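Colleague: After the sequence you'll find the predicted model.
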Amino acid sequence: MNGLFLAIPEYMNLITKRVKGAQDVLPADSYKWHFIENLLSNEAQLCGYKEIRTPVFEHTELFNRSVGETTDVVQKEMYTFDTKGGTSITLRPEGTAGAARAMLENAVYNEGLPIKTYYITSCYRYEKPQAGRYREFHQFGMEMYGSASPTADADLICTINAMFKRMGITNLKLKINSIGCPTCRQKYQQALKDYFSQFKDQLCDTCLTRLDRNPMRILDCKSSVCKKIADGAPVVLDYLCEECGNHFAKVKSLLDYMNVEYIVDPQIVRGLDYYTKTVFEFVSDCIGAQGTVCGGGRYDGLIEELGGQAMPALGFGLGLERLLSLLEKENIEIPKPDNCGVYFIGLGELGEKEAFRLTREVRNSGIYADCDVTGRSLKAQMKYADKIKARFTVVIGDDEVNSKKAIMKNMETGEKFDLDIDDKFFENFLITFLK
Ligand code: HAM
């Protein structure tokens, strides 16, 4: 097939190259995506979540407000552009903000709380591409609005756990933390400011701006120097108010009760500004440096921040590329889709027409059938049937049409069976097909 591109001049090479950090899902691999998407959606539906679909772009202000002006995502990674009308638009870097905007704009909360939604979306972040980190990637996410109870936190975490279990994944650690509410955050931010101020001469330029505006964001800076300094920073768990402390204790006790293993990791602060109280990550150590497969937490202030009535909320995002990579590393076999059940080889005008009709009849009954649509010879059709690994072939020429009798061949064993193509054709076919 490379020959097809020979005539393309050098300067047009870009046309045949995908954009850096993006990936193609090829026909031979798409079944893996269907498998995980179906499994995750089914599990979400079992818990009462319904799918929400939102536009790939939103007004830039939505992400500035929700994700936060001082985050890496907003400061460095968003794909933002002005429309011809002069409106600033951003390709979604994550799913939570758009889902919350849609829930508010369409007053979905009137349908009774809690509202539970899930989504499968592409996301866009201008990050340095590496294994497990892409500029276009895909998230499965679940969001729940309207419950402040720690039971909701535990339920969400148990649901994710169940999803991973159902896939047979074992190499994942659940890390949890609480980053408190605005009351505890104030004290914590001050402690961070005091600590990081000692290292003003070493922090990167971005972190220097964060020092005044939002020192907590210094904790997720990717620069190795800032990271090292951040290792010695005060931890948020020491600054929790009574309510946040109790909330976290209840989440942990529910996870204990459900036998869900977790590690309390005070370093988990997440990279997005909207989080409050419980935050968590599911991390693997076998898929390289980008080991966080899933991250989420509570965001009780976001809906109000976006102009709605105060409404507690929580959710998570799960990276589908990282999930697939984990399944591969754990040697978890994804069931392959069925190969072609039967390939009808039509010969001559009459035979081709009949092969075409029989193919449709088998397909109408829900079995994968195929026939030639290119006008190929008998030999070429046979070769193609072989290539697509058809289980059976049936040759239909003038004789078969006139006698209403054909031969059905099992391509693996070579066995041949009589097949009547009369008005009981499908029943006759099925008897052999199901053998
Ligand atoms: P996040 O931690 O930024 O959270 O992303 C969630 C997941 O998306 C990550 O754990 C990772 O698996 C995947 N991911 C993130 N960036 C990339 C990338 N550049 N390439 C490949 N995969 C990536 C959020 O996005 C929140 N909206 C999650 C959430 C929902 N919190 C509450 N509700």
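Modeller: Good, I have the coordinates.

Colleague: tell me the secondary structure for Ile407?
Modeller: Judged by DSSP: H, G, I helix; E, B strand; the rest coil, the three-state class of Ile407 is strand.

Colleague: Neighbours of the closest residue in space to Asp273 that isn't next to it in sequence, how many?
Modeller: What sits nearest to Asp273 in space, not counting adjacent residues and going by C-beta to C-beta, 6 or more residues apart in numbering, is Gly68, at 2.6 Å. No exception for glycine: its C-beta is placed from N, CA and C like everyone else's. The tally of other residues near Gly68 (other C-beta atoms under 10 Å) stands at 22.

Colleague: Wait, Gly68 touches Tyr274, no?
Modeller: Yes: under the criterion of C-beta atoms under 8 Å, Gly68 makes contact with Tyr274 at 7.0 Å.

Colleague: which residues are in contact with stretch 408-421?
Modeller: 342, 354, 358, 385-386, 389-394, 396, 400-401, 404-407, 425, 428-429, 432 (C-beta atoms under 8 Å, 6 or more residues apart in numbering).

Colleague: Buried ones among these?
Modeller: Buried subset of those (neighbour count, 16 or more other C-beta atoms under 10 Å): 342, 354, 358, 385, 390-394, 396, 400-401, 406, 425, 428-429, 432.

Colleague: for the nearest residue to Val235 once chain neighbours are set aside, helix, strand, or coil?
Modeller: Spatial nearest neighbour of Val235, excluding adjacent residues (C-beta to C-beta, 6+ apart): Pro266 at 3.7 Å. Judged by three-state DSSP, the three-state class of Pro266 is coil.

Colleague: What backbone torsions are found at Pro266?
Modeller: For Pro266, the backbone dihedrals (degrees, to the nearest 10) come out as phi -70, psi -10.

Colleague: which residues does it contact?
Modeller: Asn177, Val235, Val236, Leu237.

Colleague: hmm, try it at 10 Å
Modeller: With contacts defined as C-beta atoms under 10 Å, 6 or more residues apart in numbering, Pro266 is in contact with Lys175, Asn177, Ser178, Ile179, Ala233, Pro234, Val235, Val236, Leu237, Asp238.

Colleague: residues in contact with the closest residue to the fourth one other than its chain neighbours?
Modeller: When you say that, I think you mean Ile179. Once flanking residues are discounted, Ile179 sits nearest to Val236: 5.1 Å by C-beta to C-beta, 6+ apart. Under the criterion of C-beta under 10 Å, 6+ apart, the neighbours of Val236 are 177-180, 184-185, 187-189, 191-192, 216, 219, 244, 266-269, 279.

Colleague: same thing with Leu347?
Modeller: Applying C-beta under 10 Å, 6+ apart to Leu347 gives the contacts 354-355, 372, 377-378, 381, 395-401.

Colleague: From these, pick the one nearest the ligand.
Modeller: Set against the ligand, the nearest of these by C-beta to the nearest ligand atom is Asp372 (41.4 Å).

Colleague: list residues touching both of Gly68 and Tyr274?
Modeller: Shared contacts of Gly68 and Tyr274 (C-beta under 10 Å, 6+ apart): Glu305.

Colleague: Which positions in the stretch 301-435 of the chain make contact with the ligand?
Modeller: Contacts of the stretch 301-435 of the chain with the ligand, taken as C-beta under 6 Å from any ligand atom, map to Gly315, Phe316, Gly317, Gly319, Glu321, Arg322.

Colleague: Right, I'll call it a day here.
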